[in-house]
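>>> quick one: sequence and predicted model below, then my questions.
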Amino acid sequence: MPHEIAYTVDGEAMLMFVGDEPWHGLGTRMEELVDPLTAVQVANCDYTIEAQPIYRDGGVAGMVEYPNRYAIVRTDTNQEFDIVSNIYEIHQNMDTAQFVNEVFAQGQDVIETCGALKGGRQFFMMARLPEVFEPVPGDPIHRFLLFSSSHDRTQQLEAAITNVRAVCANTVRFGLQNAQYKIKIRHTASIHDRAVEVRDALHLNTAYHQLLMEGIERLVNTPMDSAEMESYAVAFLNLDPKVVNADRHAYSRDAVERLCELFEVGRGQDIPGVRGTAYAALNATTEYLDYHKRVSVPNLGSDADVQYTLAAQDSRLHRSWFGRGQGERDRGWDLLQKYSASDVWAFADVYAPRIRGRGELVA
């Protein structure tokens, strides 16, 4: 089983989706977008979370309740997620769905994906926004608002703008300067009062969307050949440009070769107007991060035969949606924006030697 997706006590995946079946083949497929409350039910995410008292052995006094400390428990599985104080405010998945309802106005069918991860610790729903942008004809980028929260204090309720390239389903999101793409909302009793703030932020995030699309248009209009792509790949991966690829570590060599391959034959690169541009390099980068980047999987390691397991794919999805890989996306975006302004010189002098714990340089 994929290690991220949660399950009911009956073994059903806690996931719903609209459209194409995910790579793992799990979840309930819907023909059309649904409203947030329906999404929670269809995704089997209507389990409840409860704060239960904690007891200790009091010796002759018997079991004594521990003061001001409670276990956060998923009641259907009796699974403990965290220990909290009495000021922690529990928000059920249905509460989050109602919050999303308030953001979009009651009852709107906007949810494309909804599910729970990590045994139910993390809950998410993705709402499709109406805007569609085509940097080149036939290569649409859709805009979504991703809501996510946790029941173990690892994450506040967050709303993040996420763009997805339809032909590849890869994530197009970058930390653009002076443009907010994520809103964090604390778990407090007044959480529903923040719906107005999120609606206002959606209008503000139009600036983010505009900056993103302007940047993509610059890349579409910037030619790039295979030699320049290799220089970019070396800079993006922070490899020493003085080392020839054949002499690099196998992991680094494979990463460079994969990026260059995706630049030529990645999904959607055959659309007229994409191949041979800096936009093709951006698409190669996001496809690499979402589908091919080497990851380490708990209990399985990071060997080549692990990289295309369901667990590895889930790990990449989590990095893409919830931000652990955001710095890599930003590095690729910044390098390509500089390239569009200053040509291949943008990749010079960006190498920063990495040092292992014992002081050894990493090539």
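Thanks, I have the structure now.

>>> hey, let's count contacts and neighbours off CA atoms from now on
Noted.

>>> helices of this structure, start to end?
Under the criterion DSSP state H, the chain contains helices at 36-42, 93-104, 195-220, 226-236, 250-265, 278-287, 310-322, 326-342.

>>> compare those helices and give me the one nearest R69.
When these are compared by CA to CA, helix 93-104 sits nearest R69, at 22.4 Å.

>>> tell me which residues are up against the closest one.
Helix 93-104 is contacted by residues 35-37, 40, 45-48, 107-108, 123, 147, 191-192, 195-196, 198-199 when judged by CA atoms under 8 Å, 6 or more residues apart in numbering.

>>> kindly report the same for stretch 162-177.
Contacting residues not belonging to stretch 162-177 are listed as 139-146, 161, 181, 208, 211-212, 267-268, 286-287, 290, 320-321, 326, 329-330, 333 [CA under 8 Å, 6+ apart].

>>> would you show me how to pick out the buried ones of those in ChimeraX?
In ChimeraX, this line selects whichever of these come out buried by 16 or more other CA atoms under 10 Å:
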select :139,141,142,143,144,145,146,161,181,208,211,212,267,268,286,287,290,320,321,326,329,330,333
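
>>> is it possible to mark the buried ones in the contacts of helix 93-104?
Judged by 16+ other CA under 10 Å, buried ones among the contacts of helix 93-104: 35-37, 40, 45-48, 123, 147, 191-192, 195, 198.

>>> closest one of these to G25?
Nearest to G25 among the buried ones among the contacts of helix 93-104 is C45, at 17.9 Å by CA to CA.

>>> nearest spatial neighbour of that closest one, chain-adjacent residues omitted?
Distances taken as CA to CA, 6 or more residues apart in numbering place M14 nearest to C45, at 5.9 Å, with adjacent residues excluded.

>>> surely that neighbour touches A6?
Yes: with contact defined as CA atoms under 8 Å, M14 reaches A6; the gap is 5.5 Å.

>>> now do the shared contacts for the two.
Common neighbours of M14 and A6, counting by CA under 8 Å, 6+ apart, are 115-117.

>>> ok so, going back, so how far is G120 from the residue nearest to C45?
Distance of M14 to G120, given as CA to CA, to the nearest Å: 8 Å.

>>> name the residues contacting each of these two.
Common neighbours of M14 and G120 (CA under 8 Å, 6+ apart) are 6-7.
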